[in-house]
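In: sharing a model that was predicted from the sequence below.
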Amino acid sequence: MASGGGGGLREPPNEQAVLNIYEAMRSELSQIYSNITDLEMQVSEHSLVINAIQPLDQSRKCFRMIGGVLVERTIREVLPAVQRNKEGLEEVVRKLYETLEKKKKDMTEFEAKYQIRLRKQDDSNKEEGDKKKEGNAQGVLVGAAAASSS
């Protein structure tokens with residue numbers, strides 16, 4: 001178990017292992033970006049609700065969803081809870097940004113250590129264009145073959 005590698009990232013045994021680790025890192029970054037986007041949308045929705053109910057009479061009826069149940073409250077009761085939730089979401093977003101920066105730094109170091117280079121977008125677009133041309137040529141050939149066999 002001593003060489004089992006449970007702690008941190010040790011030297012991967014081969015190129016495929018390096019690629020797998022790198023893809024996992026990229027996937028994790030993507031997941032963090034997705035979580036940040038989702039939480040920022042929730043913060044925005046909380047802000048809209050706060051701005052909508054703040055100027056209203058504090059004793060006015062207000063409905064709030066709690067655990068899937070719609071409950072009737074007053075604005076006086078709901079507004080502080082929505083503000084606290086918004087602040088909590090903002091704190092989580094800040095922590096996710098910190099985590100994101102750390103992961104990006106780790107990924108950059110990993111790229112430098114193993115000399116990982118990403119293909120340029122132009123190269124992949126050119127390859128896709130070539131595949132499209134081949135696909136179109138096949139379509140023409142299939143059409144011509146069908147016409148000559150009839």
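Out: Now that the structure is in, tell me what you want to look at. Numbers count the residues shown, from 1 in each chain.
In: which strands and helices sit next to the helix or strand where residue 29 lies?
Out: Element membership of residue 29, judged by DSSP states H and E, is helix 15-53. Helices and strands touching helix 15-53, by 3 or more CB pairs under 8 Å, 6 or more residues apart in numbering; DSSP states H and E, are helix 75-113. In short, each C-beta sits where N, CA and C put it, glycine included.
In: and the pLDDT for the most centrally placed residue in the chain?
Out: Centroid-nearest residue in the chain: residue 34, 2.2 Å away (criterion: CA atoms, centre = their mean). Looking at residue 34, its pLDDT is 98.
In: try residue 18
Out: You'll see residue 18 listed with a pLDDT of 89.
In: same deal with residue 103?
Out: As predicted, residue 103 sits at a pLDDT of 97.
In: list the contacts for the nearest residue to it once chain neighbours are set aside?
Out: If the residues on either side of it in the chain are set aside, residue 103 comes closest to residue 29, at 5.6 Å by CB to CB, 6 or more residues apart in numbering. Contact analysis of residue 29 by CB atoms under 8 Å, 6 or more residues apart in numbering lists 100, 103-104, 107.
In: related to what we said a few turns ago, which element follows the helix holding residue 29 toward the C-terminus?
Out: Using DSSP H and E, the helix or strand that follows helix 15-53 in sequence is strand 61-66.
In: could you dump that next one to PDB, C-alpha only?
Out: Provided in PDB are the C-alpha atoms of strand 61-66 (Å, rounded to 0.1, in the frame of the first residue of the first chain):
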ATOM      1  CA  LYS A  61     -48.900  39.600   2.400                       C
ATOM      2  CA  CYS A  62     -46.000  37.800   0.800                       C
ATOM      3  CA  PHE A  63     -45.700  34.200  -0.300                       C
ATOM      4  CA  ARG A  64     -42.500  32.200   0.100                       C
ATOM      5  CA  MET A  65     -41.500  28.700  -1.000                       C
ATOM      6  CA  ILE A  66     -40.000  26.800   1.900                       C
END
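In: contact partners of that strand?
Out: 53, 70-75, 77-78, 81.
In: listing partners with orientation, what would you give for that strand?
Out: Pairing partners of strand 61-66, with direction, according to DSSP bridges: strand 69-74 (antiparallel).
In: great, nothing more from me.
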